[in-house]
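Q: Need coordinates for the following:
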Amino acid sequence: MMKIYGIKSCGSVKKALSFLESRKIPYEFVDLKLFHPTRPDIERWLKSLTISKIFNSQSATYRNLGLKELALDEEGKIEWLTKEPLLIKRPIIELGSGEVMVGFDLKEYESRFDD
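A: Take a look at the predicted model:
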């Protein structure tokens, strides 16, 4: 079963969940306000995605923490993602195949999930 990581108040997460529910596609939801991804979780995502696809440098959390001034490398970004999950672009979707998707793009979802 696919796993979706996100926060329920996020617009992209709401769209993704609505899309899946309208098609009766089963999933497990992981609330990033309650669960902090571990380094192995993030490393698993990085097998399919680049760090720039996962790390949200446009978020209010990023700005509020002053992370731009730190000029983080990939290792630094991974460390911050384990400490502050609201820096993760949402939703992160782990498909049963091991592949990972991020964000919500209607055309991509239709191509992936509609038969």
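Q: which helices and strands does the top helix by length along the chain pack with?
A: Ranked by residue count and defined by DSSP state H, the top helix of the chain is helix 11-22. Secondary-structure packing of helix 11-22 (3 or more CB pairs under 8 Å, 6 or more residues apart in numbering; DSSP states H and E): strand 2-6, strand 27-31, helix 106-113. The way it works is simple: take the backbone N, C-alpha and C, and place the C-beta from them, glycine included.
Q: State the mean pLDDT of the last one.
A: Rounded to a whole number, the mean pLDDT of helix 106-113 is 94.
Q: do the first one as well
A: Per-region confidence: strand 2-6 scores 96 on mean pLDDT.
Q: going forward can the numbers begin at 813, since that is how I track them
A: With 813 as the first residue, the last one maps to strand 814-818.
Q: Any regions of the protein where pLDDT drops low?
A: Along the chain, the parts satisfying pLDDT under 70 run over 927.
Q: and the residue nearest to the spatial centre of it, bridged to which residues?
A: With distances taken as CA atoms, centre = their mean, I904 lies nearest the centre of the chain, 2.7 Å away. Beta bridges link I904 to Y817, V914 when assigned by DSSP bridges.
Q: So it is in contact with Y817, correct?
A: Yes. With contact defined as CB atoms under 8 Å, I904 counts as touching Y817 (4.2 Å).
Q: For the residue nearest to the centre of the chain, give its distance to G878.
A: 24 Å (CB to CB, to the nearest Å).
Q: and the gap between V914 and L882?
A: For V914, the distance to L882 - CB to CB - is 23 Å.
Q: Quick check on the two: which one has the bigger neighbour count.
A: A side-by-side neighbour count of V914 and L882, using other CB atoms under 10 Å, places V914 first with 20 against 11.
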